[in-house]
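Asks: Provided below for reference: sequence and predicted model.
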Amino acid sequence: HVGYLKVHKTGSTTIQNIFNRYVLHHNLTELLPSRGNYLSDYSGKPIWHVLPPPGNKTFDMLFYHCTFNDKIFQTLLPADTVYIASVRNPVTRFMSAFCYYRELFAGDKNYYLNMVSGKGSELVHNFLQNIKSYDKELLSDTRNRMTGDFGYPTRYFNDLDFFKDYLQHIGQFFDFVLVAERFEESIIYMRRLLGWSLKDVIQIKINTWSKSSNCKTQLSPNEVEVYRHHSPLDFKLYNYFLSKF
């Protein structure tokens, strides 16, 4: 049994595909959202939308997008479940998210990333120059997103002491957290942890950042620091799990 926290833009769709294929091959029961592709809402207190399991079956796996909640995970999944998540360097995650979501929401003029002026590689630099005016929320697609996916309440985003305790909590809860920058090593370790075959974890990368993306660019050291200051919790989260790898 596996509970995978699908963290946005961390290679999570590729990992999800591994689990989905395993479920199909072994005729297992996965948690499916009753609407859309999210098991829980992200606004305010998460509300879960889960289709009931067929017959008298119990759920075997969870791998759709949701906001992490340890009690709900443990309620929905069996006691012997292995809990897994994934993280990514916040800088490359930001770059990927910026380009991906601008394209995904290209038709929404009110989407904050579509309000950034400029063309091509100028877009990211212009965004970082005026980051506080564009990205005003404590939690967004480009700000502390991984932290939000891990269920940390936004009302405590400015409480670093509480966040330190929360990191310890999730660090103890999850059996393994994959690191995108060490993806192949992560997959090998996950395979051994689950006792799966090599065939079970063969994957094709999905929803990856295209090398031909017209907004791809390199950030200066100063721009990296600007983003680090803007999204500090994601950096702390990433460094915490990287140190445990």
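Replies: Looks like it arrived, so ask away. Residues are numbered from 1 along each chain as shown.

Asks: low-confidence ranges, this protein, go.
Replies: Residue ranges of the chain with pLDDT under 70: 42-46, 203-214.

Asks: tell me the domain boundaries of it?
Replies: Segmentation of the chain into domains, based on automatic domain parsing, reads 2-89+147-201, 91-142+209-232.

Asks: how long is the longest one from one end to the other?
Replies: To tie it back to what came earlier, the one meant is domain 2-89+147-201. 14 Å (Cα to Cα, to the nearest Å).

Asks: just the helices in this structure please.
Replies: All helices of the chain, identified by DSSP state H, fall at 12-26, 70-76, 90-104, 122-129, 131-134, 145-149, 160-173, 183-194, 221-230, 232-244.

Asks: which helices and strands sit right next to the shortest one?
Replies: I take that to be helix 131-134. Judged by 3 or more Cβ pairs under 8 Å, 6 or more residues apart in numbering; DSSP states H and E, the packing partners of helix 131-134 are helix 221-230. Every residue, glycine included, has its C-beta placed from N, CA and C.

Asks: before we move on, back to that, so which of the helices of the chain is the most surrounded?
Replies: Of the helices of the chain, the one with the most neighbours on average (mean count of other Cβ atoms under 10 Å) is helix 145-149, at a mean of 25.

Asks: who's in contact with it?
Replies: 5-10, 42, 65, 67-68, 87-88, 90, 93, 97, 139, 154, 157, 163, 233-234, 237-238 (Cβ atoms under 8 Å, 6 or more residues apart in numbering).

Asks: same thing with stretch 33-49?
Replies: Taking Cβ under 8 Å, 6+ apart as the rule, stretch 33-49 contacts 31, 50-51, 62, 64-67, 69, 72, 148.

Asks: and those residues as a markdown table, adding distance to F245?
Replies: Shown next, in a markdown table, are the contacts of stretch 33-49 (distance: Cβ to Cβ, whole Å):
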| residue | distance to F245 |
| --- | --- |
| L31 | 27 |
| V50 | 31 |
| L51 | 34 |
| L62 | 23 |
| Y64 | 25 |
| H65 | 23 |
| C66 | 24 |
| T67 | 24 |
| N69 | 24 |
| I72 | 26 |
| G148 | 22 |
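
Asks: between the residues you listed, which is closest to D108?
Replies: Closest approach between the contacts of stretch 33-49 and D108, by Cβ to Cβ: H65, at 19.1 Å.

Asks: what pairs with the closest one across the strands?
Replies: Y38 (DSSP bridges).

Asks: tell me who's in contact with the nearest residue to R21 once chain neighbours are set aside.
Replies: Counting by Cβ to Cβ, 6 or more residues apart in numbering, R21 lies nearest to D200, which is 7.9 Å off, once chain neighbours are set aside. Each residue near D200 by Cβ under 8 Å, 6+ apart is listed here: 18, 21-22, 25, 191, 194.

Asks: in those, find the pair that's most separated.
Replies: H25 and R191 (14.6 Å).
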